[in-house]
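Enquirer: quick one, structure for this:
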Amino acid sequence: MKDKSVCVFLVCLIWSPLLPREKRHPHPELCELKTAFISGNSESATKVRQELEKRTWLRLVGSADKADATLDVSETRSEKNFPIRTEQTTVSATLTRNSTKEVVWSGSASFGEGVVNSGAGSAVKIVLGHLSREAGCKE
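Expert: I've put the predicted structure just below:
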């Protein structure tokens, strides 16, 4: 009985990376949006402004009136002080079509950087990567 349990455990351990992960469905209608205004006043919002055009098909504009969509960026930070001080940042983003005020996409990611960095930059790159992959736009 014990050998059978160990065998089942090993098979599950070996095959688990091959099992399908949660997949989000593509949103090709996002490709209709060409410009975005970034709403938010945080380290993460600043990082999104720096990375948006590099990591997505969207072009950054300085005014919501001139943008097809608004990307609202917020962040929360948590801190752990034992055994060493570490910080984790969660970045959340919501993309809203300005003409209809309809939320067309949302996503979030967390990243912990350790003793020096907050993790905001890495979490922003993950969120923008999700947005770009889910839209599937040709840049």
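Enquirer: poorly predicted segments of this protein, please.
Expert: 1-26, 114-117, 139 (pLDDT under 70).
Enquirer: and the strands in it?
Expert: 35-39, 59-60, 69-80, 86-97, 102-114 (DSSP state E).
Enquirer: now tabulate these in JSON lines and tack on mean neighbour count.
Expert: Heads up, the C-betas are built off the backbone N, CA and C, glycines and all. Below are those laid out as JSON lines (neighbours: other CB atoms under 10 Å):
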{"stretch": "strand 35-39", "mean neighbour count": "20"}
{"stretch": "strand 59-60", "mean neighbour count": "15"}
{"stretch": "strand 69-80", "mean neighbour count": "17"}
{"stretch": "strand 86-97", "mean neighbour count": "20"}
{"stretch": "strand 102-114", "mean neighbour count": "16"}
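Enquirer: okay, those in CSV with distance to residue 129 next?
Expert: Converted to CSV, the strands of the chain look like this (distance: least, CB to CB, whole Å):
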stretch, distance to residue 129
strand 35-39, 16
strand 59-60, 17
strand 69-80, 14
strand 86-97, 12
strand 102-114, 9
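Enquirer: nearest to residue 49, of those strands?
Expert: strand 35-39 (5.1 Å; CB to CB).
Enquirer: in contact with residue 135, which residues?
Expert: Contacts here follow CB atoms under 8 Å, 6 or more residues apart in numbering; on that basis residue 135 touches 26-28, 30-31, 56-57, 105.
Enquirer: actually, residue 37.
Expert: 60-64, 66-67, 69-71, 98.
Enquirer: now, among those residues, which is nearest to residue 92?
Expert: Checking these against residue 92 with CB to CB, the nearest one is residue 71 at 10.8 Å.
Enquirer: so what's that closest one bridging to?
Expert: Beta bridges link residue 71 to residue 38, residue 95, judged by DSSP bridges.
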